[in-house]
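Student: fold the following for me, if possible:
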Amino acid sequence: MVIDSQSTRTITKNIRETRDASSSSKSSSNLSKNFTSDICISLTKEEKDLFELLKDVAECYNDKTVLRVAGGWVRDKILAEQTDDFSNGFRLTSKKKEKSVDRTAKAKIVKKETQSQTPSAVKRTFSESVLRTSAKPVDIDIAINNMLGREFAELVNDYLDERGQDTYKVGIVLTNPEMSKHLETATLSIGNFWIDFVNLRTEIYDDDEHAESNEKGTRVPVSVGIGTPIEDAYRRDLTINALFYNLQSGKVEDFTEMGLKDLNAKVVRTPIDPLQTFMDDPLRVLRSIRFASRLNFALDPVLRAAIRQEDIRTCLRRKVSRERIGSEVDLMLRSSRPVCAAKLLCGLDLMECVFPLDPVDGRGTNATLASYDEGVRLLSTTHAYLIQNAKRPPVWCSGDKGNGKHEISDEASQITEETPDIKLTQDEEARRLLWYACLFYPYVTAYWDREQALNIGSEPQEIHSKKKRKAKKSKQSPLHKLMLDELKRSAKDAQQVEMIQQSARLFGKLVTRGGGQKGIKVLLSGVKVAAIDGIVAPGMDKDDPILSQIMEFRLKCARVLVKCKHLWRAAFVLSLCTELQRVDDAQTQIEQTYDADEMHADDITADQNAEVFSQFNAFATSLLDLNLIGIWNMKPALNGDEIALRVLTNLPKGPIFRDVMDRQWEYMVQHPSCPVEEVEEYLRGEFSDYV
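Tutor: Residues are numbered from 1 along each chain as shown. All right, here's what the predicted structure looks like:
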């Protein structure tokens, strides 16, 4: 009997009829007593109100119902009690004084209070704390001992409706055994809480069926039913996720008798044989890695050995949907320890399974495998740079506007309303995209090099149309295919990641081919572009060749910035760290060829790194002096109708019109704050045939 949307009521009725009276709340209390911990969990006022509401619902409709919070909430609360600096514990704080309220009004209090509150700042013990992560609504899993999650969620709404309170929409996630989803889940959103209601679960496997399915690399239960807390705890993915918080008793329960020990020892372990745990749901391989990296815990050696089994890898590829794999990867990269997760994936030889990439023609499979290692190294370099950058940021890293040193034009300032230009260390979404870009940048650059060598493509900025058109699958780049088809990320994610990579390549060429020196020239010349006055060039006239060179440099930089827009810092940091890694690779090659001591390798590397920083910092600072931040939002002085009616009256429709608009934009970039009449005169001279 498998739980699905048609049989929920029937299952619950059968369970109730066959279960002995000893499964009452008194018996449940005796059962949990042996596994109860003395650990005290502090609840916020919002959590207290929510739990009181749920207990009221249980008491009102079935006094034998025992409610337990399961999984991550319990784990994080315990870790938060152990140290005030726990990195992943969410705390909801109330700005209002606590009042004594009637129990029937608690639903209203929960809704009203939680909607007005947001989780407080997350504190961390490791250096990654300088990279801000936004607080999310708190996820709470409620396990129920004698009914299905759907039924209890409906009882919550019945309880609220009977007392004249607003009810909530109940979402149902149905079972999908073929994709390792064995349990139906009811979801409910109340204020800042996302609540999943599920029943305590037990699974039954037929011995013959079990043996046969194992040979096929799958393990699907023939029956799923309501189980005991012990049965439910042992079928969970990890011991640290198998802890319960009993709402009725207010106690922590550790039915595996390993969860609390592993929390203290900082070990990620499965409650049963990891091979069986992973065979039940191969996605648990990635979940183990995610929790180990997020919490900075060690993987149990037995668990590590199980992950390396080819049968487990086969199950992960065949049995788990790409959507679930992509979601786990995204959670890894959203955490404050993405490098640790990537290193574990690489060290456990999972990169090819999780990120399937076709070999670039002419390079072979080994080169593709090497690109995974290079991508992890680049991610590590970039992540370390951002941490250091947050402590001692260069001038160009500031996201502040109007600080008096670098004025921002009116058109540039408009971008701050919808897409603020903020520090990368404070921009969680930009960093997530940057981590993707780092991981696959070595592979993508090899692909671009091969395309250019075959004259199939050209520079990266031309690899995809500037217009947001959905490319045909046959013409999609490998990165697009990976992001869309294998990781099931959005088209927007794929476009932005590739845009960061393309812009990083262009930034790198600009800086290393003289742009860094030109940036220094800008700084030394004292030339600036002001919001209203335009070009400010002390001691120079408008025909000075140095000024002309600087404005040409401004145009080259603007062409890159309009591609990456507000993600320019992510692209620039990727370019900088790629160059740092190139220097390190070159020095490693020298050390392997010559005696490192004789070459004074460390001194040479330090000098070269200092030169890289000097070039890139001068280049980026010149972007501020030339008032280029926000240039992507600059509006044309003349729109299409104005050009056709006033300036180029014989201008035909077609590609030439695009050329006119592009030339207008280029002129405005090189002549900032110029009057409209000057733009009109320029266009008449450039396109005299259409006057």
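
Student: use CA for all of it now, contacts and neighbours both
Tutor: OK.

Student: quick one: low-confidence ranges for the stretch 401-550 of the chain?
Tutor: For the stretch 401-550 of the chain, the stretches with pLDDT under 70 are 401-421, 455-475.

Student: now do the strands in it.
Tutor: 528-530, 534-536 (DSSP state E, counting those that start in this stretch).

Student: now those in CSV, please, with extra columns for distance to L243 and mean neighbour count.
Tutor: Below are those laid out as CSV (distance: least, C-alpha to C-alpha, whole Å; neighbours: other C-alpha atoms under 10 Å):
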stretch, distance to L243, mean neighbour count
strand 528-530, 60, 22
strand 534-536, 64, 17
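
Student: which of these sits closest to T425?
Tutor: Among those, the nearest to T425 by C-alpha to C-alpha is strand 528-530 (27.2 Å).

Student: so who does A70 touch?
Tutor: Going by C-alpha atoms under 8 Å, 6 or more residues apart in numbering, A70 touches 140-143, 241-245.

Student: try it again with 6 Å
Tutor: 141, 244 (C-alpha atoms under 6 Å, 6 or more residues apart in numbering).

Student: for it, what are phi and psi?
Tutor: phi -120, psi 150 (degrees, to the nearest 10).

Student: that older thread, could the strands of the stretch 401-550 of the chain go into a markdown table alongside distance to D63?
Tutor: Listed next are the strands of the stretch 401-550 of the chain as a markdown table, based on distance: least, C-alpha to C-alpha, whole Å:
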| stretch | distance to D63 |
| --- | --- |
| strand 528-530 | 72 |
| strand 534-536 | 76 |
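
Student: near the closest residue in space to S575 that isn't next to it in sequence, how many other residues are there?
Tutor: The spatially closest residue to S575, leaving aside those adjacent along the chain, is A504, at 4.6 Å (C-alpha to C-alpha, 6 or more residues apart in numbering). The number of residues packed near A504 is 28, by other C-alpha atoms under 10 Å.

Student: tell me which of the strands of the stretch 401-550 of the chain sits nearest to Q608.
Tutor: Checked against C-alpha to C-alpha, the stretch from these lying closest is strand 528-530, at 29.2 Å.

Student: residues in contact with that closest one?
Tutor: Contacts of strand 528-530 (C-alpha under 6 Å, 6+ apart): 535-536, 625-627.

Student: show me which pair in the residues you listed is furthest apart.
Tutor: The distance between the two most remote of these (C-alpha to C-alpha) is 11.2 Å, for V536 and N627.

Student: which of the strands of the stretch 401-550 of the chain sits closest to F613?
Tutor: Nearest of the strands of the stretch 401-550 of the chain (C-alpha to C-alpha): strand 528-530, 22.1 Å.

Student: the closest one: how far from the chain's middle?
Tutor: Remark: strand 528-530 is offset 37 Å from the chain centroid, using C-alpha atoms, centre = their mean, to the nearest Å.

Student: quick check: neighbours of that strand in the sheet, parallel or antiparallel?
Tutor: strand 534-536 (antiparallel) (DSSP bridges).

Student: and the strands of the stretch 401-550 of the chain: which comes nearest S575?
Tutor: When the strands of the stretch 401-550 of the chain are compared by C-alpha to C-alpha, strand 528-530 sits nearest S575, at 24.8 Å.

Student: the strands of the stretch 401-550 of the chain: which one's closest to T588?
Tutor: strand 528-530 (40.7 Å).

Student: which one of the strands of the stretch 401-550 of the chain lies nearest to A367?
Tutor: strand 528-530 (45.8 Å).

Student: give me the number of residues near the nearest residue to V376 once chain neighbours are set aside?
Tutor: The shortest distance from V376 to any non-neighbouring residue, by C-alpha to C-alpha, 6+ apart, is to L439 (5.7 Å). When counting by other C-alpha under 10 Å, one arrives at 22 neighbours for L439.

Student: any stretches of the protein with poor pLDDT?
Tutor: 1-34, 83-137, 174-183, 204-224, 361-364, 398-421, 455-475, 591-605.

Student: would you map the helices across the stretch 201-350 of the chain?
Tutor: Taking DSSP state H, counting those that start in this stretch as the criterion, the stretch 201-350 of the chain carries its helices at 207-216, 229-234, 259-265, 274-280, 284-295, 301-307, 310-319, 322-334, 338-347.

Student: and these as CSV, adding distance to R201?
Tutor: Converted to CSV, the helices of the stretch 201-350 of the chain look like this (distance: least, C-alpha to C-alpha, whole Å):
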stretch, distance to R201
helix 207-216, 18
helix 229-234, 5
helix 259-265, 18
helix 274-280, 14
helix 284-295, 17
helix 301-307, 23
helix 310-319, 21
helix 322-334, 21
helix 338-347, 30
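
Student: and the ones you listed: which comes nearest A430?
Tutor: Of the helices of the stretch 201-350 of the chain, nearest to A430 by C-alpha to C-alpha is helix 322-334, at 10.3 Å.

Student: how far off centre is that closest one?
Tutor: 8 Å.

Student: mind giving me the packing neighbours of it?
Tutor: For helix 322-334, there is no helix or strand it packs on, judged by 3 or more C-alpha pairs under 6 Å, 6 or more residues apart in numbering; DSSP states H and E.

Student: return the set of buried residues in that helix.
Tutor: 322, 325-326, 328-330, 332-334 (16 or more other C-alpha atoms under 10 Å).

Student: between these, which is closest to R290?
Tutor: The closest of the buried residues of helix 322-334, once distances to R290 are taken by C-alpha to C-alpha, is M332, at 5.6 Å.

Student: contacts only, for the closest one.
Tutor: 290, 338.

Student: measure it to R294 for me?
Tutor: For M332, the distance to R294 (C-alpha to C-alpha, to the nearest Å) stands at 8 Å.

Student: ok, now R308?
Tutor: In terms of C-alpha to C-alpha, R308 sits 21 Å off from R294.

Student: okay, those two: which has more neighbours?
Tutor: Neighbours were counted for R308 and for R294 using other C-alpha under 10 Å; R294 has more, 21 against 14.

Student: please save the CA atoms from stretch 477-488 in CSV.
Tutor: Only the C-alpha atoms of stretch 477-488 are listed here, as CSV (Å, rounded to 0.1, in the frame of the first residue of the first chain):
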residue,chain,number,x,y,z
SER,A,477,26.8,26.7,-25.8
PRO,A,478,27.9,23.8,-23.5
LEU,A,479,27.4,26.1,-20.5
HIS,A,480,23.8,26.8,-21.6
LYS,A,481,23.1,23.1,-22.1
LEU,A,482,24.6,22.3,-18.7
MET,A,483,22.7,25.0,-16.8
LEU,A,484,19.4,24.4,-18.6
ASP,A,485,19.3,20.7,-19.3
GLU,A,486,21.5,19.1,-16.6
LEU,A,487,21.1,21.5,-13.6
LYS,A,488,17.6,22.7,-14.6
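
Student: can you list contacts of that stretch?
Tutor: Contacts of stretch 477-488 (C-alpha under 6 Å, 6+ apart): 322-323, 326, 489, 494.
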